[in-house]
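> Fold the stuff below for me.
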Amino acid sequence: MTPLLTSLLAGSLVPVDARGLIVSTLQVVLAPVAVGLAINTWLPGLSRAVSGVTPLLCVIFVALICGSVIAQTAASFVAAGLPLLGAVLGVHLGGFLLGYTVPRLLGNNEAVCRTVSIETGMQNSALGVVLASKNFADPLTALPCAISATCHSILGSCFAAVWRAQKKKKDKLKQQAQGNASG
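Numbering: from 1, shown residues only. Model prediction:
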């Protein structure tokens, strides 16, 4: 599908090794999910033991992968500059905004809206980095994904931190109001 869409939208055919993409996807997505499910199911103690560090490890690995791609293509990144960064930020900010607004308009509560916003705004660009790096000879193919993964990681972390602080403040005010009402 990717070669056809590229040909239609960009006007030129980009050869894609479909088998390579499928194998890479299985290695990067399905294998870790299967291992995680197996550990969760059959080794719940181990799962609990590592659950505190695995999110941090994932962030570190994504940062290293993206940093490597950006470092290897730094001159092209600087040349593309603000238009590339603006496009990537626009995609993710739009995802965060629509991911929050649509569930809100549909009557969902704040927790659902925030969750959908984070999930929508943080599309898996890191997968794109790995797939592009492993399956295309030109290292520039991974650059937009690396910039995207970096941006959505920063934006998602910021939104999560702000919303967490707002919730704590709201909970504290609610608790104080309940204390004042009973006392």
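> and residue 160, what pLDDT?
Looking at residue 160, its pLDDT is 84.
> That one against residue 118, yeah?
Yes. The pair residue 160 / residue 118 is scored as a contact, 6.4 Å apart, by Cβ atoms under 8 Å. Quick note: C-beta positions are derived from backbone N, CA and C, even for glycine.
> Nearest the middle, which residue of the chain would you pick?
residue 122 (3.4 Å; Cα atoms, centre = their mean).
> top helix in this protein by residue count?
helix 143-182 (DSSP state H).
> so how far is that one from its chain's centroid?
When C-alpha coordinates are averaged (Cα atoms, centre = their mean, to the nearest Å), helix 143-182 and its chain have centres 17 Å apart.
> buried sites along that helix?
For helix 143-182, a neighbour-count test (16 or more other Cβ atoms under 10 Å) marks 143-153, 155-156, 159, 163 as buried.
> So, low pLDDT: which residues of this structure?
Judged by pLDDT under 70, the chain has its weakly predicted residues at 1-14, 123-124, 183.
> Try it again at 80.
Along the chain, the model assigns pLDDT under 80 to residues 1-18, 21, 25, 28-29, 119-127, 181-183.
> Just list the residues touching residue 152, thanks.
Each residue near residue 152 by Cβ atoms under 8 Å, 6 or more residues apart in numbering is listed here: 92, 121, 122, 123, 125.
> which of the residues you listed sit farthest apart?
121 and 125 (11.1 Å; Cβ to Cβ).
> Residue 59 against residue 153, yeah?
Yes. Applying Cβ under 8 Å, one finds residue 59 in contact with residue 153, separated by 7.0 Å.
> re the thing from before, PyMOL command for the buried members of the contacts of residue 152?
A single PyMOL command is used to select the members of those judged buried by 16+ other Cβ under 10 Å:
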select buried, resi 92+121+122+125
